[in-house]
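Visitor: coords please:
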Amino acid sequence: MTATGTGTTAARRPSGATRVIFIDLARALAVVLMLYGHTVDALLAPAYRSGPLFDVWQFQRGLTSCLFLLLSGFAFSIATTRHWASHLAPSPALLKRIRRFALFIFLGYAIRFPVPSLFGLERATDAEWRQLTGVDVLQLIGVTFLAMQALVLISRSRRVFSVLAVALAVALALLAPWAWTMDWSNRTSDWLAAYLSPNSGSLFPLVPWSAFVLAGAALGQIYARWGAAHHVRYANRALLIPGVVLIIAALWLTEHQVALFGTTPHSYVPGNILLRAGASLIIVGLIAHASRGIGQLPHVFGAVAQESLLIYVLHLGIVYGSVWAPGLLNIYGVTLSPWQLLPIVIGLIGTMTLAAYGWNWLKHTHRTVAWWTITAVVSGMIIRLL
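Guide: This is a model prediction of the structure:
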């Protein structure tokens, strides 16, 4: 399916034959924001980390992850809807999907691995263990996708799945102050505790960040049901209007956060989550309107959107470094001015775009070579750890 300016055009195109244009545009935007956001975060000198422009950048940077999670849930729903029946019972397609979700989790932990080999874990410090067990975006997406796949099996119906996804998203946002205040380390293992709050070193625990993925999945179901044929109505009724409502609700929650969630340090979280969700919906809604006159995007946009996982993994290694290789942070440190950062950001965006385009081409023209490449890389990482 794809987003078009008229319902007639959308109806003529075969289901699954084209991509959703405004989602590809939104994901491409999110990739650019992510690349320059992480680069600035890693390398910008302290002297430039203040003032109104920096505050605006901080808020925009916070929206980048929200957009990614929302759009990931949307893509999950579109892919699931196109082959809904094959995801309702054990099948090779379902097994392949589960393997892909598990790969997200594996890569997430591999990026955070704190020592050169598995044997080094015997001498790992508490800080290094926290780095390993902490949950980042890839673990969050992988585990949430597995949970949503289970939800598909349980609900059976697309409508029931949508309702349950929204209900769970709201519950996760509202339960965050309680979950973040709880000392999970005394109640469960460090690995599980990291998925429930940031207290164990997690950047994106399931509570409440899975709410964005679940909300995106519900939006994808709505689009699949009628949004593709009613593009403007979908942009207004499913994105822009709910976005404004969420921002109003966020302001109300923030004003009454103490009465609703107590005096805990985390009582602000539900309002903050709703504010980010509302802003993200408005951004996607505006992009949906702007895409009305676009019949087809250049392939590079689709390649960047499809290969956002590759871009995410590669750029983190390039910017921050890891046990696998040093990064720009190790080379320059937190020392650069905005003008010094500009060519680095442009070069990184260009390099990641070329990598995504090339890998996407290889996957679609030489699938066997692509499969063996992935197998070799993952096997090499495992051997390196051993």
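Visitor: the helix or strand bottoming out on mean pLDDT in the chain: what's the following helix or strand?
Guide: Sorting the helices and strands of the chain by mean pLDDT, DSSP states H and E puts helix 7-12 at the bottom, at a mean of 36. Next along the chain after helix 7-12, taking DSSP states H and E as the criterion, comes helix 21-43.
Visitor: any idea how far that next one is from the chain center?
Guide: Remark: helix 21-43 is offset 11 Å from the chain centroid, using Cα atoms, centre = their mean, to the nearest Å.
Visitor: that helix packs against which elements?
Guide: Where contact means 3 or more Cβ pairs under 8 Å, 6 or more residues apart in numbering; DSSP states H and E, helix 21-43 is packed against helix 52-82, helix 269-290, helix 299-306, helix 308-320, helix 328-332, helix 338-365. For the C-beta atoms, the positions are set from N, CA and C on the backbone; glycine is no exception.
Visitor: average pLDDT across the first one?
Guide: For helix 52-82, the mean pLDDT works out to 92.
Visitor: again with the fifth one
Guide: Across helix 328-332, pLDDT averages out at 93.
Visitor: one more: the fourth one?
Guide: Helix 308-320 shows a mean pLDDT of 92.
Visitor: which parts of that helix are buried?
Guide: Along helix 308-320, these residues count as buried under the neighbour rule (16 or more other Cβ atoms under 10 Å): 308, 309, 310, 311, 312, 313, 314, 315, 316, 318, 319, 320.
Visitor: hang on, residue 116 packs against residue 325?
Guide: No: assessed by Cβ atoms under 8 Å, residue 116 is found out of contact with residue 325, at 11.5 Å.
Visitor: need the pLDDT of the closest residue to residue 40 other than its chain neighbours.
Guide: Leaving aside its chain neighbours, residue 40 sits nearest to residue 341 (6.1 Å; criterion: Cβ to Cβ, 6 or more residues apart in numbering). Residue 341 carries a pLDDT score of 95 in this model.
Visitor: residue 341: neighbour count?
Guide: By other Cβ atoms under 10 Å, 21 other residues sit near residue 341.
Visitor: run through the chain and note the low-pLDDT ranges.
Guide: 1-18 (pLDDT under 70).
Visitor: which residue packs closest to residue 316, ignoring adjacent ones?
Guide: residue 111 is the one closest to residue 316 (Cβ to Cβ, 6+ apart), at 5.8 Å.
Visitor: so which strand or helix has the one you found?
Guide: helix 92-112.
Visitor: picking that back up, just say which of the helices and strands packed on helix 21-43 is most tucked in.
Guide: helix 269-290 (a mean of 22; mean count of other Cβ atoms under 10 Å).
Visitor: got the angle for that one vs helix 21-43?
Guide: 130 degrees (axes from the mean of the first three to the mean of the last three Cα atoms, to 10 degrees).
Visitor: helix/strand/coil for the residue nearest to residue 137 when sequence neighbours are not counted?
Guide: Counting by Cβ to Cβ, 6+ apart, residue 137 lies nearest to residue 204, which is 5.4 Å off, once chain neighbours are set aside. At residue 204 the chain is in coil, as set by DSSP: H, G, I helix; E, B strand; the rest coil.
Visitor: I'd say residue 204 and residue 140 touch.
Guide: Yes: Residue 204 lies in contact with residue 140 (Cβ under 8 Å); the separation is 4.4 Å.
Visitor: one step back: how many residues are close by the residue nearest to residue 316?
Guide: 19.
Visitor: ok, now which ones touch it?
Guide: The contact partners of residue 111, taken as Cβ atoms under 8 Å, 6 or more residues apart in numbering, are 136, 138, 313, 316, 317, 322.
Visitor: which parts of the stretch 151-300 of the chain are helices?
Guide: 158-181, 190-193, 206-225, 231-234, 241-255, 257-261, 269-290, 299-306 (DSSP state H, counting those that start in this stretch).
Visitor: figure out which of those helices is closest to residue 352.
Guide: helix 299-306 (8.0 Å; Cβ to Cβ).
Visitor: residues making contact with that closest one?
Guide: 19, 23-25, 27-28, 31, 311, 352-353, 356-357, 359-361.
Visitor: what is the nearest of those residues to residue 99?
Guide: Taking the contacts of helix 299-306 together and measuring to residue 99 by Cβ to Cβ, the closest member is residue 359, at 18.2 Å.
Visitor: any idea how far that closest one lies from residue 105?
Guide: 21 Å (Cβ to Cβ, to the nearest Å).
Visitor: now swap in residue 182 and tell me
Guide: Residue 182 is 23 Å from residue 105, by Cβ to Cβ.
Visitor: check residue 234 too.
Guide: For residue 234, the distance to residue 105 equals 32 Å [Cβ to Cβ].
Visitor: so the two - more neighbours on which side?
Guide: Taking neighbours as other Cβ under 10 Å, residue 234 and residue 105 compare with residue 234 leading, 22 against 18.
Visitor: correct me, but the more buried one touches residue 226?
Guide: Yes: the pair formed by residue 234 and residue 226 meets the contact definition of Cβ under 8 Å, at 7.3 Å.
Visitor: adding distance to residue 160, write the helices and strands packed on helix 21-43 out as TSV.
Guide: Supplementary listing: those in TSV, determined by distance: least, Cβ to Cβ, whole Å:
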stretch	distance to residue 160
helix 52-82	13
helix 269-290	22
helix 299-306	28
helix 308-320	29
helix 328-332	46
helix 338-365	34
